[in-house]
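K.L.:
coords below, sequence missing:
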């Protein structure tokens, strides 16, 4: 694998941003920028040998700054929602930005400028390492937090995202990547692509897409992806859960042999291109989002083409939304002297 860097642009407040191109021996290529750790392009060879860009993207840094859908970005400090934009930790209430109705969604990392370096292992493997400090009070969260995201594109065809963080005060953390995948390219019908999710349960959502606390069995429901099926086959908005969210925007409880195990979470496939993507993660959950509101973006996608609802799908590996409201769920607290560490890999092959 090789990594090259190039000046990408300047933010509206004058910060320089560089982009990094990761290439492997199998003909895959990923482009990642320092702004929001955004994966702007991810090219994978298809059945005819021609590369397919399997993620949605935009044409410029200005477009990414103006967008509101976290396209390709790292999201945090807390991926997904925190109910009421507040949480209690060690007896103290912390108020967050209410940026999704009355709730807090995703945070500032998708708009943060990280600093990139290339690290080379003794065996010659190169990694892109992006680092930033989230200051105490960022979005209302306590503690100065140092965050590192390491991207590796393996010769076996996996884009590996390794997340670590430390803090100097007790806080919360929940990180994920928010790429919008379409394995046929951005003009293909993403809802016709097949998906398997290794989960027997899904979290019930309310009218604000926050979990109610109920964990539902997927058997006999539109949420049963244990056997591969077209993503849109059961996307029936008359279903109570799907109607509330205008599609899938739900966190699946992954079947895990042990907490923290790096294991298969899901598999997607496009018959037209022959591209299969497998998702492996250490995280306990994975949010399936079918881009239900993507068409409302204030900017256009790549090539000036309008973004469309249901144009792509997100597989956001994460801890559960609104975890502070449900103490029995896997914890999201990070304290001084501890290290947050999670890994997700999106692995591709053509068959």
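P.N.:
Cool, the structure landed. Source: prediction; values computed, not measured. Residues are numbered from 1 along each chain as shown.
K.L.:
check which helix or strand covers residue 212.
P.N.:
Using DSSP states H and E, residue 212 sits in strand 211-217.
K.L.:
Which residues does the next helix or strand along the chain from that strand contact?
P.N.:
Downstream of strand 211-217, the next assigned helix or strand under DSSP H and E is strand 229-230. Here strand 229-230 makes contact (CB atoms under 8 Å, 6 or more residues apart in numbering) with 191, 192, 193, 194, 195. Heads up, the C-betas are built off the backbone N, CA and C, glycines and all.
K.L.:
pLDDT averaged over strand 229-230 - what is it?
P.N.:
For strand 229-230, mean pLDDT is 98.
K.L.:
picking up where we left off before, same list (the contacts of strand 229-230) but as JSON lines, adding pLDDT.
P.N.:
Listed next are these as JSON lines, based on pLDDT from 0 to 100:
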{"residue": "191", "pLDDT": "98"}
{"residue": "192", "pLDDT": "98"}
{"residue": "193", "pLDDT": "98"}
{"residue": "194", "pLDDT": "98"}
{"residue": "195", "pLDDT": "99"}
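K.L.:
Out of these, which end up buried?
P.N.:
191, 193, 194, 195 (16 or more other CB atoms under 10 Å).
K.L.:
low-scoring stretches of the stretch 151-300 of the chain, by residue?
P.N.:
Within the stretch 151-300 of the chain, not a single segment meets pLDDT under 70.
K.L.:
Strands of that one, start to end?
P.N.:
158-167, 171-172, 176-178, 194-197, 201-205, 211-217, 229-230, 249-253, 263-270, 275-281, 285-289 (DSSP state E, counting those that start in this stretch).
K.L.:
and residue 318, which of these is closest to it?
P.N.:
Among these, strand 176-178 comes nearest to residue 318, with 4.4 Å by CB to CB.
K.L.:
which residues are contacting the closest one?
P.N.:
Outside strand 176-178, the residues that reach it (CB under 8 Å, 6+ apart) are 37, 39, 69-76, 79-80, 106, 110, 161, 283, 287, 314, 316-318, 344.
K.L.:
any idea of the mean pLDDT for stretch 123-136?
P.N.:
Rounded mean pLDDT across stretch 123-136 is 96.
K.L.:
My error: substitute stretch 325-341 in the last question.
P.N.:
97.
K.L.:
that older thread, out of the strands of the stretch 151-300 of the chain, which comes closest to residue 331?
P.N.:
strand 171-172 (9.1 Å).
K.L.:
ok, and what's touching the closest one?
P.N.:
Contacts of strand 171-172 (CB under 8 Å, 6+ apart): 77-78, 87, 89, 141-143, 145, 323-324, 332-335.
K.L.:
Repeat that for stretch 126-138.
P.N.:
For stretch 126-138, using CB under 8 Å, 6+ apart, the contacting residues are 1-3, 20, 22, 32, 34, 37, 77, 107-109, 112-121, 141-152, 168-169.
K.L.:
what about the strand holding residue 212, distance to the chain center?
P.N.:
22 Å (CA atoms, centre = their mean, to the nearest Å).
K.L.:
Taking strand 201-205 as reference, get the angle to it.
P.N.:
150 degrees (axes from the mean of the first three to the mean of the last three CA atoms, to 10 degrees).
K.L.:
Show me what counts as buried in strand 211-217.
P.N.:
211, 216.
K.L.:
One more: stretch 136-143?
P.N.:
138, 139, 140, 141, 142, 143.
K.L.:
so how far does it reach from one end to the other?
P.N.:
4 Å (CA to CA, to the nearest Å).
K.L.:
Tell me how far that stretch lies from the chain's centre.
P.N.:
22 Å.
K.L.:
Could you do stretch 35-49 as well?
P.N.:
15 Å.
K.L.:
okay, the buried ones among the contacts of strand 229-230 in TSV with distance to residue 131 next?
P.N.:
What follows is the buried ones among the contacts of strand 229-230, written out as TSV (distance: CB to CB, whole Å):
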residue	distance to residue 131
191	37
193	34
194	37
195	33
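K.L.:
Closest to residue 218 out of these?
P.N.:
Using CB to CB, the buried ones among the contacts of strand 229-230 come closest to residue 218 at residue 195, 12.8 Å.
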